[in-house]
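Asker: Here is my input, please return the structure:
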Amino acid sequence: MSGRVTRALVCALAAVSLACATAQEPNAPQELPRGSVLKGTGPAPDQSNSDPFQGFNRAMFWVNNDLLDRFIYGPLSHGWMFISPLTVRVHMEQFFDNLNFPGYFVQPILQGDPKQSGVALARFGINTTVGVAGIFDPANHYLGLARRSEDMGQTFGVWGIPPGPYLVLPLVAPRTCVRDFVGWPVDQVLNVGDTYFWSWWAPYGETFVRDINRRALVDADLTAAREAAVDMYSSARDAYLQSREREIRNRVTDPEAPTDDLYEIDESETLPE
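Answerer: Here you go, the predicted structure:
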């Protein structure tokens, strides 16, 4: 119950702050690049009107990046990296991603792409059975049925709805835009592996474990991005907007799939200091 109350307070605070921030004038665009899940190639979207809430966004970005990540999520993810091989973390993520099947099945239909819905259905059936609840990914490794993440924001984009202003909220939606945030409640229902509702029926920290595992998977990219960025906020913003455009056009490909040997340790991986 306390977790639900905390989330409700966070959302309420964000809503109030957002309402106040709408009075701000749009700010000029800032620099771009970044690397990681944040990686982006291709021209950046026009930033002239995409970040009218920049003052509010920067404050929330500081909470997420400089406070919560540096002092909570970062240290915990380093501890998890110290005791777990990379392949275990990858297979854990595959388990959670397999739970996103409802969204991965429904969204392509809404986008006019029933073939991809068929791929999602086949992947779920194969990986849930032969792949042991999605821990392994034989559908991709042996049948070439590649994963493609889907969400309501992508569907809105396919329908021609513009992204609207960039938006940063603490914890709930660290990087998003108005269009994607409007679709977020739908994703919370359909994309079960990503939902914050986990704690309502599995109140033993699964959501937090999932978040720590995902943070560990992008640790190297995040570190590189922080070292390379002149302005981490603008780099994260531009990379997010670019990646969303690519996802809407289904141009994103997953990195090379890991081995399906659960117990193989990646010898090239270095432990965090």
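
Asker: Pretty sure residue 78 sits against residue 219.
Answerer: Yes. Between residue 78 and residue 219 there is a contact at 7.2 Å, judged by C-beta atoms under 8 Å. From N, CA and C alone the C-beta is placed, and that goes for glycine too.

Asker: show me where the stretch 151-273 of the chain has strands.
Answerer: Listed in chain order, the strands of the stretch 151-273 of the chain (DSSP state E, counting those that start in this stretch) span 166-167, 176-177.

Asker: Now mean neighbour count, distance to residue 53 and mean pLDDT too, for the ones you listed, in TSV please.
Answerer: Listed next are the strands of the stretch 151-273 of the chain as TSV, based on neighbours: other C-beta atoms under 10 Å; distance: least, C-beta to C-beta, whole Å; pLDDT from 0 to 100:
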stretch	mean neighbour count	distance to residue 53	mean pLDDT
strand 166-167	24	6	94
strand 176-177	22	10	92
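
Asker: Any chance of the ones you listed in a markdown table with distance to residue 148 as columns?
Answerer: Shown next, in a markdown table, are these (distance: least, C-beta to C-beta, whole Å):
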| stretch | distance to residue 148 |
| --- | --- |
| strand 166-167 | 24 |
| strand 176-177 | 20 |
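
Asker: Between those, which one is closest to residue 152.
Answerer: strand 176-177 (11.5 Å; C-beta to C-beta).

Asker: Skipping adjacent residues, who's closest to residue 58 in space?
Answerer: Leaving aside its sequence neighbours, residue 58 sits nearest to residue 233 (C-beta to C-beta, 6 or more residues apart in numbering; 5.5 Å).

Asker: List the buried residues of stretch 154-172.
Answerer: For stretch 154-172, the neighbour count (16 or more other C-beta atoms under 10 Å) marks 154-158, 163-171 as buried.
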